[in-house]
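In: Sequence first, then the predicted structure, then my questions.
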Amino acid sequence: MGVYEELGLRPAINASGKMTALGGSVLDDAVVAAMGEAARSHVVMDDLLRAAGRVIADATGAEDGCPTTGAASGIAIAVAAVVAGSEPARVEMLPDAGGRPDEVVLMKGHSVNFGAPVRQMIAIGGGRAVEAGSVNKVSPAHVEGAISERTAALLFIQSHHTVHKGQVSLAEMITIGRRHGIPVIVDAAAEDDLRHWPATGADLVVFSGGKAVGGPTSGFICGAGPLIEACRAQYTGIARPMKVGKETVAGLLQALRQYGNDPAGDGGRARMARLAERLGALPGITGSVEQDEAGRNIHRAVLTVDPAEAGRDAQALAEELAAGDPPVFLRDHQAGTGRLSVDPRPVTPAEEEQLARRFASILGAG
């Protein structure tokens, strides 16, 4: 009996993506081994965090880096760093900014909830979110108009959660930040090109360690040396309850060392095309393949559900799959429009076969 079964739980088939709600990534053996080795001895944590920063810098091309418990804590810590800096008295006052500039300007279409509101992460770090423009229309003038003497940072969120139409580009945000002498923070949590985002000129970039990188539940911030020093300083303040353990740091660093982008790969296109064709032969399902909405090299099988033929709508089908044995979780962000999708990254070939059989059984073709 496995660890989950002992708790009365069933291991799930994750066809949704590298989602926090489903435990992030399944870890490589080398990552697990690094975590196990780290667990067997002690280390000075301040030294480990600085050494980790050098590995993060090497992986991202940034000046320095700081491990975190996740991308959400990374946003809070990054905001705290620009609000309080490294001065102990200021660090210990947060989230009270003590009258210092604390406003963080972000586009209204970027004020999202990724499991918690990004505004809340800003507030934990001592910041106050200021939304620029409308959900689907933001101009550079909107961003500049939101800047005042109280502005501490600009925040840009690169995510499938955000609105992509009618927004100001990151390049424009950085230009505005430079013109006003304001640092720019980028949340690139699930992005797979670790060197691209720091190279844009952003001052701090936040990544998840448990998504594209394939590490344990973790994250990291990379960027300019003095700001990363200020990020580390927050571990004596608001980041204390977010402290990252030695085992997690070791696992993250191992994942970073072995992580490599594969621009020549097809992002699962051929594999998902075969699955879409197979599932598209079932009653009420039309299969196709689409690239990730945020532009990453990920291709997913998209399953459009005809309720009349399938005998249930897309949301009901997703719920039926999730309630079965084994539970299958699809990407259901667009279930309201009749569309479900399968993300190839976390699904093994054996799980893909189980998924196909579950579909056939539910739709009466098994």
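Out: Perfect, thanks for sending it.

In: For stretch 324-334, list the C-alpha coordinates in PDB.
Out: Taking Å, rounded to 0.1, in the frame of the first residue of the first chain, the C-alpha atoms of stretch 324-334 are listed here in PDB:
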ATOM      1  CA  GLY A 324     -13.800   7.800 -11.100                       C
ATOM      2  CA  ASP A 325     -11.200   5.300 -10.400                       C
ATOM      3  CA  PRO A 326      -8.500   6.300 -11.100                       C
ATOM      4  CA  PRO A 327      -9.500  10.000 -10.900                       C
ATOM      5  CA  VAL A 328      -8.600  11.800 -14.100                       C
ATOM      6  CA  PHE A 329      -8.200  15.600 -14.000                       C
ATOM      7  CA  LEU A 330      -8.500  17.400 -17.300                       C
ATOM      8  CA  ARG A 331      -7.700  21.000 -18.000                       C
ATOM      9  CA  ASP A 332     -11.200  22.500 -17.600                       C
ATOM     10  CA  HIS A 333     -10.600  26.300 -17.800                       C
ATOM     11  CA  GLN A 334     -12.900  26.500 -20.800                       C
END
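
In: what does the average pLDDT come to for that stretch?
Out: Mean pLDDT, computed over stretch 324-334, is 90.

In: and if you look at stretch 240-252?
Out: Stretch 240-252 shows a mean pLDDT of 97.

In: gap between the two ends of it?
Out: End-to-end distance for stretch 240-252, by CA to CA, to the nearest Å: 19 Å.

In: Stretch 335-350 too?
Out: OK, stretch 335-350 end separation, CA to CA: 25 Å.

In: Could you list the buried residues of it?
Out: With burial defined by 16 or more other CB atoms under 10 Å, the residues of stretch 335-350 counted as buried are 335, 338-347. The way it works is simple: take the backbone N, C-alpha and C, and place the C-beta from them, glycine included.

In: what does that stretch contact?
Out: 13-18, 22, 25-26, 267-268, 271-272, 275, 290, 298-307, 313-315, 317-318, 330-332, 334, 355 (CB atoms under 8 Å, 6 or more residues apart in numbering).

In: In ChimeraX, select just the buried ones from these.
Out: Entered in ChimeraX, the line below selects the buried ones among the contacts of stretch 335-350, by 16+ other CB under 10 Å:
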select :13,14,15,16,17,18,22,25,267,268,271,272,275,298,299,300,301,302,303,304,305,313,314,317,318,330,331,332,355
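
In: Identify those among the contacts of stretch 335-350 that sit within helices.
Out: Assigned to helices by DSSP state H, the following of the contacts of stretch 335-350 qualify: 271-272, 275, 307, 314-315, 317-318, 355.

In: Would you point out the most distant pair within those?
Out: Across the ones in helices among the contacts of stretch 335-350, no pair lies farther apart than 271 and 307, at 27.6 Å, counting by CB to CB.

In: what's the closest of the buried residues of stretch 335-350 to residue 364?
Out: Looking across the buried residues of stretch 335-350 and measuring by CB to CB, the closest to residue 364 is residue 340, at 17.7 Å.

In: Please identify the buried residues of the helix ranked longest in the chain?
Out: Ranked by number of residues, the top helix in the chain under DSSP H is helix 45-60. Within helix 45-60, the residues scored as buried using 16+ other CB under 10 Å are 48-50, 52-53, 55-57, 59-60.

In: List the contacts of that helix.
Out: Contacts of helix 45-60 (CB under 8 Å, 6+ apart): 62-67, 194-195, 198, 205, 207, 220, 222, 228, 232, 235, 243, 246, 249, 252-253, 256-257, 259.

In: CA atoms only for it, dumped as PDB, please.
Out: Output of helix 45-60 as PDB, limited to C-alpha atoms (Å, rounded to 0.1, in the frame of the first residue of the first chain):
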ATOM      1  CA  MET A  45      21.100  28.000   6.100                       C
ATOM      2  CA  ASP A  46      22.300  31.500   5.300                       C
ATOM      3  CA  ASP A  47      25.300  29.900   3.600                       C
ATOM      4  CA  LEU A  48      23.100  27.500   1.700                       C
ATOM      5  CA  LEU A  49      20.800  30.300   0.500                       C
ATOM      6  CA  ARG A  50      23.800  32.200  -0.800                       C
ATOM      7  CA  ALA A  51      25.200  29.100  -2.500                       C
ATOM      8  CA  ALA A  52      21.800  28.400  -4.000                       C
ATOM      9  CA  GLY A  53      21.800  32.000  -5.400                       C
ATOM     10  CA  ARG A  54      24.900  31.200  -7.400                       C
ATOM     11  CA  VAL A  55      23.300  28.100  -8.900                       C
ATOM     12  CA  ILE A  56      20.100  30.100  -9.700                       C
ATOM     13  CA  ALA A  57      22.200  32.800 -11.300                       C
ATOM     14  CA  ASP A  58      24.000  30.300 -13.500                       C
ATOM     15  CA  ALA A  59      20.700  28.800 -14.600                       C
ATOM     16  CA  THR A  60      19.000  32.100 -15.400                       C
END
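
In: and the helix or strand just after it, what does it pack onto?
Out: Next helix or strand after helix 45-60 toward the C-terminus (DSSP states H and E): strand 64-68. On a contact count with 3 or more CB pairs under 8 Å, 6 or more residues apart in numbering; DSSP states H and E, strand 64-68 meets helix 45-60, helix 71-84, strand 219-223, helix 225-233, helix 246-258.

In: hang on, the earlier thing: save the ones in helices among the contacts of stretch 335-350 as TSV, and put in distance to residue 41 and pLDDT too.
Out: Formatted as TSV, the ones in helices among the contacts of stretch 335-350 follow (distance: CB to CB, whole Å; pLDDT from 0 to 100):
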residue	distance to residue 41	pLDDT
271	41	93
272	43	94
275	45	93
307	58	94
314	51	94
315	49	95
317	50	94
318	45	93
355	41	93
